[in-house]
Every structure is written in C-alpha cells, then in structure tokens.
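[1] coords below, sequence missing:
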DNA sequence: GTGTACCGCCTGTCTATACAAGTTGTCAAC
DNA sequence: GTTGACAACTTGTATAGACAGGCGGTACAC
C-alpha cells in the first residue's frame, strides 16, 4: 500500500479528471498551486504531472499550464497491458471466460522472432465471450517462476492472481498485430468459416527484472476487434 | 538545434545502444558514472534514462542498474507517430507515394466520436506502394493553420514539411484500429475484391498547444498490415 | 561448510533553489 | 487606436544534497 507521494498525487488528479472535477479543455492548477495543495516540492508535483502526460490525460503548454484532455479511456486499451478481466470491470461488460486447456507443455522455440528458452511452461487456452458471442481466443504459455494456475484464477483475472497471490511485478510487453487466414481449430471456437480472416495479436510479456514470463497469441473475430491507442510523437 | 542536456544524453545513449556499443542484456554505466561521463548532475541523467525507459530501450532494476533491452525498432511503429516516409528512410524500403487528391474541402462533422469544427481544410489522398504493390491508402484532412500543401511535399515527407517549413510542433494522437469490409473506391486502389476486408486506422493528431490539426483514415491491405508496439503496465 | 551480518554500490524518492523561456495582460508612449 | 515595453504569471532545465531501499559480495561466527 505504501505509495509514493508522486503516485498519490497522480492518482488523485487522475481521479478528479475522470470525475470531471477538472473539465476537459480547462487548466489544472499551476504547479506552484499544487505544491501548496499537496504540501510537497515542485519536483514531486512535476513527476506526477509527467505520468498524467504520458497517459494522455493532460498536455502541458509552456507559459500557460496543464490542459486537461478529453480522453475516453473506456475502450480497448490494448496498449497499456490491461487484462481482459480488468477491462470487463472497467467497462461493465457482460463477459465470460471458459478455460479450454490448462496443462504443462513446452513453449514454441521462437516467438515474435525471439528464441524462447525451452523451459517447462503452463499452456493455457481460454475462450472469451461477450453478450453470448465468442469474441476472442487467448492462447498463453506461462514460464517459470509460475508453476501452475488454478482454473478458477484463469477464469477470473489471471493478472490479479499473478500480481496478487504470486507477488510478480509485470513490467512491459512487446506486441504485434497482424491479420491472417484463420487456423482450423480456432475456426470452430470463434464460429468462423475456413479461409476467413482473424486478427492475431502476439505478445511477449516481461517482469520488472526483465525475465520473460508470458507468451500470448490472441485470435480476435475481425468484426469484434477494436484497438485504441494514445501516442506521443517521438523525437529521438 | 539547441537541445537540452537530457536530450543530448538520451540521444547519445540511444545511438550507442543501436550501434550495439552497449549490448542487449548488459548493464548501462551507473547513474553516477554517467554523471561523471557527461559532466552533469544525477537528476539530468535520470531524465535521459527515463525517456529511454519509455521508449523500451532499457529497463531499470533497483539495486542493480539499467538493463539494455533487445528491442527491434525496425518495424512498423504505428504507435509513436512516425510518418510513412520516415519509416522508409529508417528501414530502407523501396516505397513510392502517389498523390490522388489534394484540394480544399470540409472535413467530416464527427470523427472517432468527436465533433470536428467545420473549418476549411485540405483534403489529401495518397496511395502508398512498396515493391510495386499497393499497400496503403491514406486519406487526410489538414486543418488550419495549414493552408495548402505542395504536392511535392505530400509525396516526400508531409511531416518534415509541416514541422520544418511550417514550424508546427506535432505532439500527440489518438488512434483506432478496426477491420471492415472494403469501400468501393478503395477496392480499386488496393487491388482488392468487393467484400474483402481492410484494416482501417483512424487517427486524430494534435499540436503541442492542443489544437486539433489532422484527421487521418488509413486503409491497409490485410496481408501487408503489421503493427508493432511496446507497452508498459499502467498502474493508476 | 553454512549461515548471517554487514558494507558498498545501485536506483527510488524528495527537497530546495536558481535561472531560462513562453504567455498574457497592463499601462504608458506615440 | 496602435504599438511596444514591461511585469507577473506559467512551465522547462539544471543543480546539489539527503535519505530510503534493493542487490550482491565479503568476512566473520558457528
């Protein structure tokens, strides 16, 4: 629970923006005013504002202040590493998860062009439905230190289990989105015909100590797929 | 040209990582060592490292140091707001751009669920080919302060023209990726059949002062589409 | 040999201060 | 009225110092 001041300030401001306490298009209080408000130094306030900037909640304009952006976060933040179940909670969707496979297996030798260590892994396949319709098939390999996953946890929130019970810190991921003809097995699950296209999202997920930890291949029905992103211009 | 020290340090380190001078998996010099090396304070070095962390070039591990990640940036960084032409240069692809439309027009009233001001805009449609094959159709509306775009600039790098000649500072964008049946007009350009699916990327691009400035709809041939992303876990 | 306590090195957080640089409004000069 | 200089705001950059907390090796005690 012990969060840093910068995180507390960032969370508080983010909450107030979400609650429209600070309106889109308006300015946040100045950095000096926030220092007085929270009783901290300017450096700390600035770090909080920097994380809001990165999230796309505000835009800082030199000489003016921090403009609150009108950013709908209530869509599919595939960027940002949010799990399917966390999305359901956030969006209030009526979604269900069925575990199709949950057993030890060896992961593929290569994935997204990287060599994968041939350690024993947990193979997890899950079918996601929304409004009764199949929408996504998730195919995961979980590497050590994960030893096994209770099916109940896989049906609820896998990430909450891993971060909460197992004490893992998930840090970052590389993702790739492509569109391909559907694979025979996935055809049935997603209720598609052979030759139809599916959206394939592959990701490599890493822990805070840079350990590779999860390989995921997600098959989405193209008519149900939607990816939203917020991006800042890179100047390096 | 006057760049800040943090930017210079970040650029220098990024270059050395790209040039394998710092190997993937190895540690960067410690913050203190970098302070000595660049003759700056620790705060400055830390800001440079923070931007590398955000880009996915390094991962900081407390008590150890900054681990260099093995991150291939030489793919389609749709996240990150890089233009088609910048990509060509970076990847050395043999690509051409043909301007199909370049004339004043009024933009659509709504786009990505947002109301668009009914100002006069420049309507730009461009066909992108790679290896002789049509790959992407870009459909842009450029809002004021842009008044007109030389066709030559649209065929080269639109962003270089806007940021260089016009002095605009492009800051951030909201994007959406979906898959839809192809529109009749786009069918011909991309060499597809009616009823085929295309990947549609819509984006709203904003300047540093939060002015909306560009609406883009990109139609990609599904077999040529690939989107790569680096994402960090959000904890707010 | 086997712990265990410690120490040195590393990053994370926070503070305080100074100056540069952009924006906006005011007020005086013309 | 228009212009221009200025002052009072804002954020951006850089500095230096202090302490907390995680990691890893060493050396000591048993």
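    Nice, I can see it. Small disclaimer: the values here were computed from a predicted structure and weren't measured.

[2] Could you list the domains of chain A?
    A:5-68, A:84-224 (automatic domain parsing).

[3] following the worst-scoring helix or strand of chain A on mean pLDDT, which helix or strand shows up next?
    Sorting the helices and strands of chain A by mean pLDDT, DSSP states H and E puts helix A:84-91 at the bottom, at a mean of 54. Later in the chain than helix A:84-91, the nearest helix or strand by DSSP states H and E is strand A:95-105.

[4] Now that following strand: buried residues?
    A:95, A:97, A:99, A:102 (16 or more other CB atoms under 10 Å in any protein chain shown). C-beta: built from backbone N, CA, C; applies to glycine.

[5] Same question for stretch A:18-29.
    Here stretch A:18-29 shows A:22, A:28 as buried, counting by 16+ other CB under 10 Å.

[6] Could you tell me the end-to-end distance of it?
    16 Å (CA to CA, to the nearest Å).

[7] what about it, average pLDDT?
    Stretch A:18-29 comes out with an average pLDDT of 90.

[8] what does stretch A:108-115 give?
    So the average pLDDT for stretch A:108-115 ends up being 86.

[9] still on that earlier bit, which stretch in the domains of chain A is the model least sure about?
    domain A:84-224 (a mean of 83).

[10] how about TSV for the buried residues of strand A:95-105, with distance to residue B:125 added?
    Shown next, in TSV, are the buried residues of strand A:95-105 (distance: CB to CB, whole Å):
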residue	distance to residue B:125
A:95	39
A:97	43
A:99	47
A:102	49
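
[11] Any chance of the residues you listed in JSON lines with distance to DNA strand D as columns?
    Below are the buried residues of strand A:95-105 laid out as JSON lines (distance: CB to the nearest atom of the strand, whole Å):
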{"residue": "A:95", "distance to DNA strand D": "36"}
{"residue": "A:97", "distance to DNA strand D": "32"}
{"residue": "A:99", "distance to DNA strand D": "32"}
{"residue": "A:102", "distance to DNA strand D": "30"}
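
[12] quick check, nearest of these to chain B?
    residue A:95 (19.2 Å; CB to the nearest CB).

[13] which residues does the closest one bridge with?
    Beta-bridge pairing for residue A:95 (DSSP bridges): residue A:130.

[14] ok, now which ones touch residue A:105?
    A:121-123, A:141 (CB atoms under 8 Å, 6 or more residues apart in numbering or on different chains).

[15] cool, and residue A:137?
    A:100, A:125-128, A:186, A:189-190, A:218-219.

[16] Quick one: name the residues of chain A near DNA strand C.
    Within chain A, the positions adjacent to DNA strand C are A:4-7, A:39-44, A:47, A:61-64 by CB under 7 Å from any atom of the strand.

[17] Of the residues you listed, which belong to helices?
    Among these, the ones falling in helices (DSSP state H) are A:5-7, A:42-44, A:47.

[18] can you give me the strands for chain A?
    A:58-61, A:65-68, A:95-105, A:110-111, A:114-115, A:121-130, A:133-142, A:170-181, A:197-207, A:212-220, A:226-232 (DSSP state E).

[19] List the buried residues for the first one?
    Using 16+ other CB under 10 Å as the test for burial, strand A:58-61 gives A:58-60.

[20] Tabulate those residues (CSV), appending distance to residue A:108.
    As requested, the buried residues of strand A:58-61 are arranged in CSV below (distance: CB to CB, whole Å):
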residue, distance to residue A:108
A:58, 41
A:59, 42
A:60, 44
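
[21] which among the contacts of residue A:137 gets closest to residue B:15?
    Taking CB to CB as the measure, residue B:15 lies nearest residue A:218 of those, at 34.6 Å.

[22] How much space separates the closest one from DNA strand D?
    For residue A:218, the distance to DNA strand D (CB to the nearest atom of the strand, to the nearest Å) stands at 31 Å.

[23] Next, find the distance separating residue A:122 from residue A:153.
    Note on residue A:122: its distance to residue A:153, by CB to CB, to the nearest Å, is 11 Å.
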